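K.L.:
model this:
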Amino acid sequence: MRHLGRVLLVAACLLVGIGPASAQTQITDATVDELLQRAEDAYRRGRADETAALLHRTSDWANHIRDVASGSAKPAEDLAFAERIYRRVLATFARTLGADHDHAGSALMGLASLYIDQQRYAEAEPLLRRTLGIAESAPAPSDDHRQAAVARVVGQLGQLEERQGRNAEADAHYRRALAIVDKLPPRFRNATGKCVQHYLRFLRANNRSQEAAAIEARLTR
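P.N.:
A predicted model of the protein is given here:
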């Protein structure tokens, strides 16, 4: 197995959403080249939805590579490959649907998460703020969907600031995310659960366990 952790897939998997366990061929830079070319070709044919779907799913594969890198033989090379995919997806968005297209937010968020994990905070923050702007203005099936997306990004900003010791700013962002989650229907709780869990951990780490317990009790009613 070559570096990258060489995630298994075929191009068709991206088109139909098949997971890595079902794929048959290794992903390489050449595979990414082909997929991004297909996205651009679809755009030139006026098939914007297909372009967005291809780019979004390619970004999802970068997410997968990033998520499993810690267990691979060469994690640094895998993460470098994931970063390269994110950057290429974003460049393709810029050439086609626009740099601030709503689906570009997924690649921006993924790249920011990678940078946070690598302690590259100065690079991560502007990506998250750009993602937040997209989430706040992007079309969505409902306002609840939009607000859930905003909560996830705001919570990630809180996590970034917490890691830098910027606790007052982190607390403000965590509280903003929680205020959004509080107003969402229960069916959105799974999608926003991480930002709440990060805030609860933050509170306990800062000797605010009573506040954490009160929030937990309120959200589980």
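K.L.:
just the strands in this protein please.
P.N.:
Ranges of strands in the chain, per DSSP state E: none exist.
K.L.:
show me it divided up by domain.
P.N.:
For the chain, the domain assignment from automatic domain parsing gives the residue ranges 1-138, 140-221.
K.L.:
mean pLDDT lowest where, among those domains?
P.N.:
For the domains of the chain, the bottom mean pLDDT is recorded on domain 1-138, which sits at a mean of 84.
K.L.:
format the domains of the chain as a markdown table; extra columns: mean neighbour count.
P.N.:
Glycine gets a C-beta too; all of them are placed from N, C-alpha and C. Listed next are the domains of the chain as a markdown table, based on neighbours: other Cβ atoms under 10 Å:
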| stretch | mean neighbour count |
| --- | --- |
| domain 1-138 | 18 |
| domain 140-221 | 17 |
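K.L.:
what residues does the closest residue to residue 153 other than its chain neighbours make contact with?
P.N.:
Spatially, and ignoring its direct neighbours in sequence, residue 153 is nearest to residue 132 (4.6 Å; Cβ to Cβ, 6 or more residues apart in numbering). Residues near residue 132 by Cβ atoms under 8 Å, 6 or more residues apart in numbering: 150, 153, 154, 157.
K.L.:
the last one is in contact with residue 128, isn't it?
P.N.:
Yes - Residue 157 is within contact range of residue 128, at 5.2 Å (criterion: Cβ atoms under 8 Å).
K.L.:
just to revisit the earlier point, against residue 214, how distant is the residue nearest to residue 153?
P.N.:
Residue 132 is 27 Å from residue 214, where distance means Cβ to Cβ, to the nearest Å.
K.L.:
residue 48 too?
P.N.:
Between residue 48 and residue 214 the distance is 46 Å, computed by Cβ to Cβ.
K.L.:
what about residue 28? Give its phi and psi, please.
P.N.:
When read as degrees, to the nearest 10, the backbone of residue 28 gives phi -140, psi 170.
K.L.:
and the helices in the chain, which stretches?
P.N.:
When secondary structure is read from DSSP state H, the chain shows helices at 11-16, 29-44, 48-68, 75-95, 104-117, 121-137, 143-163, 167-183, 189-205, 209-219.
K.L.:
packing partners of the second one?
P.N.:
What it means is helix 29-44. helix 11-16, helix 48-68, helix 75-95 (3 or more Cβ pairs under 8 Å, 6 or more residues apart in numbering; DSSP states H and E).
K.L.:
can I get those in CSV including distance to residue 137?
P.N.:
Formatted as CSV, these follow (distance: least, Cβ to Cβ, whole Å):
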stretch, distance to residue 137
helix 11-16, 27
helix 48-68, 16
helix 75-95, 16
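K.L.:
between the ones you listed, which gets nearest to residue 185?
P.N.:
Nearest of these to residue 185, taken as Cβ to Cβ: helix 48-68 at 24.6 Å.
K.L.:
which strands and helices sit next to that closest one?
P.N.:
helix 11-16, helix 29-44, helix 75-95, helix 104-117.
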